[in-house]
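# sequence-free structure coming up:
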DNA sequence: ATATAAATTTAGATTAATCTAAAAATTAAT
DNA sequence: ATTAATTTTTAGATTAATCTAAATTTATAT
C-alpha cells in the first residue's frame, strides 16, 4: 500500500506547480492567477486558494494581486515532473511504437510516478535523450534545462532557411497534420514567399513546395540557418 | 490535461476493487468488511461507505452484514489492474534492472495508468509473460487468470521434492532473505527432515543443504514433483 | 482624475474520502 | 436460549479541492 509521508506533495499540487513552471517560461517569470486557471481548466478562485497553500509550503512566492513565481524548491519539483513527462514520451515513442500525437495524455499520467531509480533507469534505457518527441528539451536530474534558440517559422523572412526543431501546439490534430504533410523534426525548410493578405506562406520542405497557413507557421519552431 | 468522464473510476475505488479481488481469491468468494479495512489500512466504517457506493455502481454485490463479492464488471476492472501491476513488475525487472524486492511499491503506482494501447504494447515488448517476478500469474487481456496448483513448502512431507514457483509474502525483507540464501523461482527443493519442536525443516535447495523456519516454509510456494 | 472594465480575492457551499463514537446486527459461549 | 463478544453499520465531523457569487483591488480609457 502506498504510504503517505507528511509533506508529501499531492498530484493536484504537482500539476499546479508544473503549470506555473511552464507558463512562467521554466520558472523565470511571474504568472497571473487567470492564466493558471486557464491552463488547468479551473476557476480563478480555486487557483487563489491553491496558490496560497503552495506559498505556505514554500513552493511559490505569492503577493495578492501581483501574481506568482516559483521558489527554487518549487522549480526543482516542476523540473522533475517535466523531466519525467518528457522521458516517458520518448519511451512511448522509442520502445512502445507510439506516434508523437498519442503520447501526451499518457505522459500526463506517468509524470506523477514517484521513484528516482525508475526515472534514472529509464533515462539510461533511452540512452540519455536531450529532447522529447516534440523537440522540447528534457531537464537533467538536477533540474537544469537547456534552452534552445528556436524561433517560430512565422518569424522567418522570405528566402530564409531553417530546420524544424519543435512544435508549440502539441495537439493531436496539429501533429497529425504535420505527419500528413511529411513535416517532422529535422525537416529542412526554406521560405519561398509570404502573403500579406492572409499571412500564409509558401515554403519548401525537404525539397517539396507547399503553402501553409499562419496557424501552422505560428506553431512550428525552427532554428534558422546561416 | 487529464479529462474526466462521467462514471470514470477513481484511484481509490480501483484500490478497493483490487483488494476485494485478491482477498476473495481472484473474485471467487465473498470478503468481509474488516478484512478489506485491514488490507487497505483504513477503518471498517470507511469500507462500508465505499462498498455501498461501489455496489450502487454495479461493481460489487453487497448485503449489509453479509460481506461483499465482485460482479463480473468489478472482476474485469480488478483483473485489469492486477494485469497491469504484474506486467509493470516484469518490465521493471527485465528492462530496468530492478530486483524482485524493489518492484511492488512502484507497480502500485503504475497499475493505475489508463491506456489500453500502453499495456498491450508493454505486453508485446516483454514477449507476453505469463507470470510476474514473484511467480504470480498475469491475467490475460480478457481478465482470465490461470490458477496454478502451487502449494506451500510447509505442506510437503519428508523426502518430497518440488520446484519453487512463487512467494506468498512479497515483502522486501523476505525476498532479500531468499536472495541471500540463493532461493529463487525455479530452484529445486527436497525436504530432508522436519522438526516437530519448532516446525522448522531441513531442505536441500539446488543441492545445498540448509535449515529453514516455519515462517519461511509458510511463505514459499512449490509445485510438487512426482 | 474619475469612471469603467478586468482581474483577483473572499465568503460560503459542495463533493469525495476519510475519521470517531455510538448503535445495531451477527456470532460465539456458557 | 440468553448473555457476551465481535463485526458491521450509522450518524456526525473533518479535510482537500473545488465551485458560485459577491466584494475588492488593479488596470484602462476617456
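That came through, no problem. Here the structure is a predicted model, which means the values were calculated and not measured.
# pLDDT wise, what is the spatially most central residue of chain A at?
Residue closest to the average C-alpha location in chain A (CA atoms, centre = their mean): residue A:136, at 5.9 Å. Reported pLDDT at residue A:136 in the predicted model: 96.
# For residue A:206, grab phi and psi.
Backbone torsions of residue A:206, given as degrees, to the nearest 10, read phi 50, psi 40.
# Do any residues in stretch A:36-51 lie close to chain B?
Yes. Stretch A:36-51 reaches chain B (CB under 8 Å from any CB of the partner chain) through A:39-41. Every C-beta, even on glycine, is put in place using the N, C-alpha and C of the backbone.
# do you know how far the residue nearest to the centre of chain A is from residue A:36?
Per CB to CB, to the nearest Å, residue A:136 is found 20 Å from residue A:36.
# what about the nearest residue to residue A:213 once chain neighbours are set aside, how many neighbours?
Excluding the flanking residues, the one nearest residue A:213 by CB to CB, 6 or more residues apart in numbering or on different chains is residue A:200, at 5.1 Å. Residue A:200 has 17 neighbours, counted by other CB atoms under 10 Å in any protein chain shown.
# For residue A:200, give me its contacts.
Contacts for residue A:200 (CB atoms under 8 Å, 6 or more residues apart in numbering or on different chains) come out as A:194, A:211-214, A:217.
# how does chain A divide up, domain by domain?
A:11-70, A:151-225 (automatic domain parsing).
# looking at these, which is buried most?
Neighbour counts (mean count of other CB atoms under 10 Å in any protein chain shown) averaged over each of these peak at domain A:11-70, with a mean of 17.
# Make TSV out of the domains of chain A and add mean pLDDT and distance to DNA strand D.
Formatted as TSV, the domains of chain A follow (pLDDT from 0 to 100; distance: least, CB to the nearest atom of the strand, whole Å):
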stretch	mean pLDDT	distance to DNA strand D
domain A:11-70	97	3
domain A:151-225	96	22
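# Reformat these as TSV; add distance to DNA strand C.
Below are those laid out as TSV (distance: least, CB to the nearest atom of the strand, whole Å):
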stretch	distance to DNA strand C
domain A:11-70	3
domain A:151-225	21
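# Quick one: closest of those to residue B:174.
Among the domains of chain A, the nearest to residue B:174 by CB to CB is domain A:11-70 (30.9 Å).
# ranges for the helices of chain A?
Assigned by DSSP state H, the helices in chain A fall at A:11-23, A:33-40, A:44-56, A:72-95, A:103-110, A:116-125, A:172-180, A:214-217.
# Return the distance of the first one from the chain's centre.
Its chain's C-alpha centre and that of helix A:11-23 lie 12 Å apart, by CA atoms, centre = their mean, to the nearest Å.
# Contact residues of chain A facing chain B?
A:1-2, A:39-41, A:92, A:95-98, A:102, A:105-106, A:108-110, A:112-115, A:117-118, A:121-122, A:125.
# at 7 Å what do you get?
A:1-2, A:40-41, A:95-97, A:106, A:108-110, A:113-115, A:118, A:121-122, A:125 (CB under 7 Å from any CB of the partner chain).
# And the buried ones among those, selectable in PyMOL?
Buried members of these, defined by 16 or more other CB atoms under 10 Å in any protein chain shown, are picked up in PyMOL with:
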select buried, chain A and resi 40+95+96+106+108+109+110+113+115+118+121+122+125
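# Correct me if wrong: residue A:61 contacts residue A:73.
No. Counting by CB atoms under 7 Å, residue A:61 sits too far from residue A:73 to count as a contact (10.8 Å).
# any residues in contact with both of those two?
Residues within reach of residue A:61 and of residue A:73 at once, by CB atoms under 7 Å, 6 or more residues apart in numbering or on different chains: there are none.
# give the contact list for residue A:51.
Going by CB under 7 Å, 6+ apart, residue A:51 touches A:33, A:60, A:62, A:68.
# Tell me, how many residues neighbour the closest residue in space to residue A:146 that isn't next to it in sequence?
Nearest non-adjacent residue to residue A:146, counting by CB to CB, 6+ apart: residue A:137, 5.1 Å away. Here the number of neighbours of residue A:137 (other CB under 10 Å) works out to 20.
# Show me what residue A:137 is bridged to.
residue A:131 (DSSP bridges).
# Next one: the nearest residue in space to residue A:168 that is not next to it in sequence from chain B, what distance?
Excluding the flanking residues, the one nearest residue A:168 by CB to CB, 6+ apart is residue A:219, at 4.4 Å. The gap separating residue A:219 from chain B is 18 Å, by CB to the nearest CB, to the nearest Å.
# Residue A:219 and residue A:174 touch, don't they?
Yes. Between residue A:219 and residue A:174 there is a contact at 6.1 Å, judged by CB under 7 Å.
# anything in contact with each of those two?
With CB under 7 Å, 6+ apart, residue A:219 and residue A:174 have common neighbours residue A:167.
# ok so, going back, can you put the contacts of residue A:51 in a markdown table and add distance to residue B:226?
Output for the contacts of residue A:51, formatted as a markdown table (distance: CB to CB, whole Å):
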| residue | distance to residue B:226 |
| --- | --- |
| A:33 | 73 |
| A:60 | 67 |
| A:62 | 72 |
| A:68 | 71 |
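# Can you name the two of these that sit furthest apart?
Across the contacts of residue A:51 (CB to CB), the longest gap, 11.6 Å, separates A:33 and A:60.
# Residue A:182: what's it in contact with?
Applying CB under 7 Å, 6+ apart to residue A:182 gives the contacts residue A:206.
# Distance check, it against residue A:150.
From residue A:182 over to residue A:150 the distance is 20 Å, taken as CB to CB.
# what's the answer for residue A:37, then?
From residue A:37 to residue A:150 the distance is 28 Å (CB to CB).
# Let's have the helices of chain A in a markdown table, adding distance to residue B:78.
A markdown table is the format used below for those (distance: least, CB to CB, whole Å):
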| stretch | distance to residue B:78 |
| --- | --- |
| helix A:11-23 | 22 |
| helix A:33-40 | 31 |
| helix A:44-56 | 33 |
| helix A:72-95 | 25 |
| helix A:103-110 | 19 |
| helix A:116-125 | 24 |
| helix A:172-180 | 31 |
| helix A:214-217 | 45 |
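# Any idea which of the ones you listed gets closest to residue B:143?
For residue B:143, the closest of these is helix A:103-110, at 21.6 Å, according to CB to CB.
# quick one: that closest one to helix A:172-180, angle?
With axes from the mean of the first three to the mean of the last three CA atoms, to 10 degrees defining the directions, helix A:103-110 sits at 130 degrees from helix A:172-180.
# can you tell me the average pLDDT over helix A:103-110?
97.
# Who are the packing partners of it?
helix A:72-95 (3 or more CB pairs under 7 Å, 6 or more residues apart in numbering or on different chains; DSSP states H and E).
# Residue A:172 and residue A:101 touch, don't they?
Yes. At 4.2 Å, residue A:172 counts as touching residue A:101 under the criterion of CB under 7 Å.
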